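A.B. asks: I would like the atomic coordinates for the input below:
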Amino acid sequence: METIYGSVFKGSNAIYACQLNGKGGVTAFGDDSPATAEQPFWQHLDYKDQDSRQWIINTPLLPSPVKEGLLGESIRPKVLRTGEGTLITLRSVNRNDNARPDHLVSFRIYINDRIIISSRHRKIHSIDQVVDDLHNGVGAINTGHWLVEIASAITDEVNEFIEELHDNLIELEDNILEQKVPGRGELVLLRKQLIVLRRYMAPQRDVFIRLASERLPWMSDDERRLMQEIADRLGRGLDDLDGCIARTAVLADEITSMMADAMNRRIYMMSLLTMIFLPTTFLTGLFGVNLGGIPGNKYQFGFGLFSLLLSILMVIFSWWLRRTKWL
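C.D. replies: Reported below is the predicted structural model:
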């Protein structure tokens, strides 16, 4: 086995770097803390940082396909085995400030029994939980266990976001039951978030299933079993997503029906008003012609009497519409 020491990680400008101690904790390494080759290293990088990018390009620890994978623009979750190691691309919920959660963050990992090299550009908050566990001495003891911890943290965060979307959907359904039409674009945004999450989490579940089924030398049977449980958890979340997507289609139909009913009621009321005023409009038009012989044109109370007759006619016609259940 090739000896790996902490000096090979110098100049990488890592976001976080440590050496697992095999007991659930970490050992920092640097100029004042020499590293050993007994336990695996973890180095977490920002692939947009120039120093980190240059280190990935120049390091002899990584084969060429892995370097391209850590620095490339691939965003679909996938697994690529290269020699002793495995390149894994995952997606996580974006919990950064001024960002929408459905703008998912890409997370790339190269892992074998000796090293873990991970890269991202935007911060992934679920990693903080894994780092805290390591500092508290209850974290990963080897690289396979570390991957299980990362997959579990990301899946928990994804499932929490799915629960948030489900709560938003229930709120929309309650509002529609109360005949409240949601704001413009509200349902469209919810449906888009559900579809985007479904699109990327389905292949991510397949990644976890593959990691659980393949006999990777750096993963034990217990770790493969835990990975399968994580895939099952994510699968249940995907089932919820499918149900929510179907419910948004029902909501869209219901909103369309509500708006059509409201428009029909308005048109119906306008039609009734037109019918009520139709006889009076006919009479006022008839008596408004500029021809001689109009009855009552010289009578002092002719206009008042005519207005009274029109009012009576409107009341009688309204009563008839109500009697015939038009009103």
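
A.B. asks: Please make it C-alpha for all contacts and neighbour counts, starting now.
C.D. replies: OK.

A.B. asks: Least confident secondary structure element in the protein?
C.D. replies: Ranking every helix and strand in the chain by mean pLDDT, DSSP states H and E puts helix 302-323 at the bottom, with a mean of 80.

A.B. asks: Do you have the strands of the stretch 51-200 of the chain handy? List them.
C.D. replies: 78-82, 85-92, 105-111, 115-120 (DSSP state E, counting those that start in this stretch).

A.B. asks: Out of these, which gets nearest to K325?
C.D. replies: strand 85-92 (59.5 Å; Cα to Cα).

A.B. asks: what angle sits between that closest one and strand 115-120?
C.D. replies: 30 degrees (axes from the mean of the first three to the mean of the last three Cα atoms, to 10 degrees).

A.B. asks: Now do strand 85-92: which elements does it pack against?
C.D. replies: Using 3 or more Cα pairs under 8 Å, 6 or more residues apart in numbering; DSSP states H and E, the elements in contact with strand 85-92 are strand 78-82, strand 105-111, helix 143-177, helix 186-213.

A.B. asks: just those: most buried one?
C.D. replies: Comparing the helices and strands packed on strand 85-92 by mean neighbour count (mean count of other Cα atoms under 10 Å), strand 105-111 comes out on top with a mean of 22.

A.B. asks: Go ahead and measure how far the lengthiest helix in the chain is from the middle of the chain.
C.D. replies: Ranked by residue count under DSSP state H, the longest helix found in the chain is helix 221-287. Distance of helix 221-287 from the chain centroid (Cα atoms, centre = their mean, to the nearest Å) equals 21 Å.

A.B. asks: So which elements touch that helix?
C.D. replies: helix 143-177, helix 186-213, helix 302-323.

A.B. asks: will you turn those into JSON lines that also has distance to N13?
C.D. replies: Shown next, in JSON lines, are the helices and strands packed on helix 221-287 (distance: least, Cα to Cα, whole Å):
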{"stretch": "helix 143-177", "distance to N13": "22"}
{"stretch": "helix 186-213", "distance to N13": "29"}
{"stretch": "helix 302-323", "distance to N13": "82"}
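
A.B. asks: closest one to M259 among the ones you listed?
C.D. replies: Across the helices and strands packed on helix 221-287, closest to M259 is helix 143-177 (Cα to Cα), at 11.2 Å.

A.B. asks: list the contacts for the nearest residue to H145 once chain neighbours are set aside?
C.D. replies: Computed as Cα to Cα, 6 or more residues apart in numbering, the closest residue to H145 that is not its neighbour in sequence is E223, at 6.3 Å. With contacts defined as Cα atoms under 8 Å, 6 or more residues apart in numbering, E223 is in contact with G144, H145, V148, A212.

A.B. asks: Would you point out the most distant pair within the residues you listed?
C.D. replies: H145 and A212 (12.3 Å).
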